[in-house]
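> below: sequence and its predicted model.
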Amino acid sequence: MKATQKLHELGQSVWLDNITRELLTSGNLRRYIADFSLTGLTSNPTIFDQAIKNSSHYDSAIRSKLTEGKSGETLFFELAIEDLVQAADLFRPIWERTNGVDGWVSLEVSPLLAHDTASTIAAAKELHAQAKRLNLFIKIPGTREGLPAIEETIFAGVPVNVTLLFSREHYLAAAEAYLRGIERRIAAGLNPDVGSVASVFVSRWDAAIANEVPAQLRNQLGIAVAKRTYKSACELLSSARLRRIYNEGGRPQRLLWASTGTKDPAASDVLYVKALAAPLTVNTMPEGTVKALADHGEIGEMLPSSGGDSEEVLSQFAKAGVDIEALAATLQDEGAKSFVKSWNELMSVISAKTEVLKKAS
């Protein structure tokens, strides 16, 4: 049995952190679903920047949209939605079989809106309506301005993937926003069954302090933060507040491990997969990590709901001078800026392709 299948059978969903038009047209995504037990997919501005910049597979569609007078952001979202609609339809049987627990794809709002609550709410509703797919999450960053947007979007019945979470405190704030949205739906007599995942980024912790801590602490910080966060998630999921929501027909917001590709070439290429196996969670992996896991990966012990040795490990980092709370804020801010950079590059790529295709026509 492949480790991807074993992970799925242990209760963790294996999602792919990538999408390209070639992945869809070649039949590889369909094959991955069958061969690697994939049950979902995520995207972000960086992924689409790479997909469009490095291939000619979008040229025909771009040319067609240009003749319709479309450009820039409007043109991009139409390309992205075309891809994600195809992917959503491939995962739809899984979504139906699991009663909406699994089988999701994700589309992020413009990263330029990361600190604009009202525009994020409007964009989330518009993109979800435009895609016309029930198994499409809209990704909203868990920034200070993103949190009220998450509550309002959930209240509006739009499924949300909360992105750019780095710490236990980030996760709890995102969970609180989700719960407020659900509780408002219950109070208003609406169906509380609105899907959501909370995406906690892992490997970026270790990349950020790789040269600042003793060798014996390398590649341990991200996992320790994840373990601490998992403990809080388990406590929340079994709380009286959540049990009241379950009793009304609501469902848990699942934890999703993001940024789980190994950055350190000296470490195992499945480091963050082996360490973060846990039921009722998702691990979204780069394509290379999924293939490595299927080829030679092994699943270790399941994450302990108690958080295991996370507090002890984190105290060692504190003694080494790492300020966890401050670094979490920095990583979230840098993550938001990174997506803005990718977004601006993406718009430049589309603009450049537009000029080339205009001259060729």
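That came through fine. Residues are numbered from 1 along each chain as shown.
> use CA for all of it now, contacts and neighbours both
OK.
> correct me, but residue 184 touches residue 156?
No: counting by C-alpha atoms under 8 Å, residue 184 does not reach residue 156; the two are 9.9 Å apart.
> now the helices for the stretch 251-361 of the chain?
Ranges of helices in the stretch 251-361 of the chain, per DSSP state H, counting those that start in this stretch, are 271-275, 287-296, 310-319, 324-360.
> looking at these, which is buried most?
Most buried of those, by mean neighbour count (mean count of other C-alpha atoms under 10 Å): helix 271-275, with a mean of 22.
> gap between that helix and the chain center?
The chain centre lies 17 Å from the centre of helix 271-275; the measure is C-alpha atoms, centre = their mean, to the nearest Å.
> repeat that for stretch 217-232.
Distance, centroid of stretch 217-232 to centroid of chain: 18 Å (C-alpha atoms, centre = their mean).
> who touches that stretch?
The contact list for stretch 217-232 (C-alpha atoms under 8 Å, 6 or more residues apart in numbering) reads 167-168, 171-172, 200, 202-207, 210, 255, 264, 267, 272, 275-276, 303-311, 313-314, 317.
> my read is residue 39 is in a helix, agree?
No: counting by DSSP: H, G, I helix; E, B strand; the rest coil, residue 39 falls outside a helix, being strand.
> so it makes contact with residue 105?
No: the criterion here is C-alpha under 8 Å, and residue 39 misses it with residue 105 at 9.2 Å.
> of these two, which one has the most company?
Neighbour totals were compared for residue 39 and residue 105, and residue 105 leads with 31 against 26 (other C-alpha atoms under 10 Å).
> need the strands for the stretch 101-250 of the chain, in chain order.
104-108, 136-141, 160-165, 196-201 (DSSP state E, counting those that start in this stretch).
> how about the contacts made by residue 40?
Contact analysis of residue 40 by C-alpha under 8 Å, 6+ apart lists 13-16, 91, 102-105.
> if it is in a bridge, with which residues?
Beta bridges link residue 40 to residue 15, residue 104 when assigned by DSSP bridges.
> report pLDDT for it.
Predicted confidence (pLDDT) at residue 40: the value is 98.
> can you give me the distance of it to residue 155?
For residue 40, the distance to residue 155 equals 24 Å [C-alpha to C-alpha, to the nearest Å].
> before we move on, what about residue 291?
For residue 291, the distance to residue 155 - C-alpha to C-alpha - is 38 Å.
> same deal with residue 126?
Residue 126 is 15 Å from residue 155, by C-alpha to C-alpha.
> same question for residue 42.
23 Å.
> where does the stretch 151-300 of the chain dip in pLDDT?
Counting by pLDDT under 70, the stretch 151-300 of the chain shows no low-confidence range.
> so between residue 126 and residue 155, which is more surrounded?
Remark: of residue 126 and residue 155, residue 155 carries more neighbours, 25 against 12, as counted by other C-alpha under 10 Å.
> I figured the more buried one hits residue 182, correct?
Yes: with contact defined as C-alpha under 8 Å, residue 155 and residue 182 form a contacting pair (6.2 Å).
> got a list of what the nearest residue to residue 2 once chain neighbours are set aside touches?
Distances taken as C-alpha to C-alpha, 6 or more residues apart in numbering put residue 294 closest to residue 2, at 5.2 Å, once the chain neighbours are dropped. Going by C-alpha under 8 Å, 6+ apart, residue 294 touches 2-4, 36.
> fine, thanks again, bye for now.
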